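A.B. asks: Here is my input; please provide its structure:
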Amino acid sequence: MLNIKIKILDNRLVKDFSLPNYETIMSAGMDLRAMTENDFVLNPNEVRLIPTGFAMYIADPNVTALVVPRSGLGYKHGIVLSNLVGVIDADYQGQLMVPLWNHSTKPFTVRVGDRVAQMLFIPVLHPTFEITEEFSSPSARGTEGFGSTGNR
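C.D. replies: Residues are numbered from 1 along each chain as shown. This next block holds a predicted model:
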């Protein structure tokens, strides 16, 4: 099990709320909270960078964290991440920030401590490239691209 050091930057995170954790035993992601000064309204088409109240240092070059939207916020309210997916590199030590985007037509209120995104830890491979003129065994797909496999 990987042990990741975190630094608390907003004491309300541990006093009034909880550190990122897995909500169920089979959850893939840990929820990240909006640790803003106050509640605020995210207007339609607005993007705001939201602090999470902590910094972490993964330190293992074979691991990265992905920050992704919470599916319920996206589906029900149109609240997603403006960068779609955030990548937290193993050597980053600053505060985790979440770029929330309201892509709906209605204002959305974000309250201090709301769970606004989720973070997943995944393995990282560091391949090297080898230049070749041809691939030794062509695949069934070959060079066919966008839409080539159809919808059904």
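A.B. asks: OK, contacts around residue 126?
C.D. replies: 61-62 (C-beta atoms under 8 Å, 6 or more residues apart in numbering). The C-beta positions use only the backbone N, C-alpha and C, and glycine is treated the same way.
A.B. asks: Downstream of the strand ranked longest in the chain, the next helix or strand is which one?
C.D. replies: For the chain, the longest strand by residue count, based on DSSP state E, is strand 47-57. Using DSSP states H and E, the helix or strand that follows strand 47-57 in sequence is strand 63-69.
A.B. asks: got a list of contacts for the helix or strand following that next one?
C.D. replies: Toward the C-terminus, strand 63-69 is succeeded by helix 71-77 as the next helix or strand (DSSP H and E). The contact list for helix 71-77 (C-beta under 8 Å, 6+ apart) reads 79-80, 102, 104, 106, 108, 116.
A.B. asks: Recalculate using a threshold of 10 Å.
C.D. replies: 29, 42, 68-70, 79-81, 100-104, 106, 108-110, 114-118 (C-beta atoms under 10 Å, 6 or more residues apart in numbering).
A.B. asks: ok, of these, which come out buried?
C.D. replies: Those of those that meet the buried threshold are 29, 42, 68-70, 79-81, 100-102, 104, 108, 110, 114-118, by 16 or more other C-beta atoms under 10 Å.
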